[in-house]
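Colleague: What follows is a predicted structure for the sequence shown.
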Amino acid sequence: DAMVIQNPRYQVTQFGKPVTLSCSQTLNHNVMYWYQQKSSQAPKLLFHYYDKDFNNEADTPDNFQSRRPNTSFCFLDIRSPGLGDAAMYLCATSRGFGYGYTFGSGTRLTVV
Amino acid sequence: AQTVTQSQPEMSVQEAETVTLSCTYDTSESDYYLFWYKQPPSRQMILVIRQEAYKQQNATENRFSVNFQKAAKSFSLKISDSQLGDAAMYFCAFHGSGNTGKLIFGQGTTLQVKP
């Protein structure tokens, strides 16, 4: 089945140690998104790609970076994780306006 | 700027009964879509139902239906014959033509289903 896959499902990292989360899709969707979701809150958009065009949200910390080497893959890099970055990170894809998102299962990041 | 408001942080319903989750939104756009997403505990967020603003007919997907009131900017979700598997957090979301593909989520409503 076509889907959005996030690896790993759970990630533990040390305070200040760079970490990369990955997302892949078999849907061939143009748009890929990274959201941060803290417990019982709405997802917060960090950035998204429309094809190769990168769109950063104004309030996304500089600590967060992203790469999209091809249509299928997208990475979230956290350069120096702090305790406040512990959260669920959701990857989503979309065909475009009006189609809604297909979400991955998320990566739960713990910072120790 | 668009906003989405879910005024019910928590709701509960008895199994087999009907429950309605509320959502209001604010926008000046005329072309947009509205969605309800379901997020079970520790599980993937999935699309429940989708409504196009230009369509007056309310969307329906099996036991899930919406009451879309465009003038009032209201978009409620009705779940009929509630099942234990319906227990989840439900998010209302807005997608406008002018906001570069970004979904704007409400704060969420946690639905508890009692056996």
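Modeller: Yep, it's here. Because the structure is a prediction, the values reported are computed rather than measured. Numbers count the residues shown, from 1 in each chain, chains lettered A, B, ... in the order given.

Colleague: and stretch B:49-59 with chain A, contact?
Modeller: Yes: with CB under 8 Å from any CB of the partner chain as the criterion, chain A is reached by stretch B:49-59 at B:50, B:52. Placement of C-beta: from N, CA and C, glycine included.

Colleague: show me the contacts for residue A:109.
Modeller: By CB atoms under 8 Å, 6 or more residues apart in numbering or on different chains, the contact set of residue A:109 is A:11-13, A:19, A:21, A:78, A:81, A:85-89.

Colleague: Closest to residue B:55 out of those residues?
Modeller: Proximity of the contacts of residue A:109 to residue B:55 (CB to CB) peaks at residue A:88, which lies at 32.9 Å.

Colleague: partners of the closest one in the sheet?
Modeller: Bridge pairing for residue A:88 (DSSP bridges) gives the partners residue A:37, residue A:108.

Colleague: Burial check on it, number of neighbours?
Modeller: The number of residues packed around residue A:88, counting by other CB atoms under 10 Å in any protein chain shown, is 20.

Colleague: Could you check the pLDDT of it?
Modeller: Residue A:88 is assigned 95 on the pLDDT scale.

Colleague: Pretty sure it sits against residue A:108.
Modeller: Yes: using CB atoms under 8 Å, residue A:88 is in contact with residue A:108, at 5.1 Å.

Colleague: Buried ones among the contacts of residue A:109?
Modeller: A:11, A:13, A:19, A:21, A:78, A:81, A:85-89 (16 or more other CB atoms under 10 Å in any protein chain shown).

Colleague: how about the residues of chain B that lie near chain A?
Modeller: Counting by CB under 8 Å from any CB, chain B sits next to chain A at B:33, B:35, B:43-47, B:50, B:52, B:89, B:91, B:95, B:97, B:100-103, B:105-108, B:110.

Colleague: center of the chain - which residue?
Modeller: Answering for chain A, as no chain was given. Residue closest to the average C-alpha location in chain A (CA atoms, centre = their mean): residue A:34, at 3.1 Å.

Colleague: think we crossed wires, I meant chain B
Modeller: Mean-position check on chain B, CA atoms, centre = their mean. Result residue B:36 at 3.2 Å.
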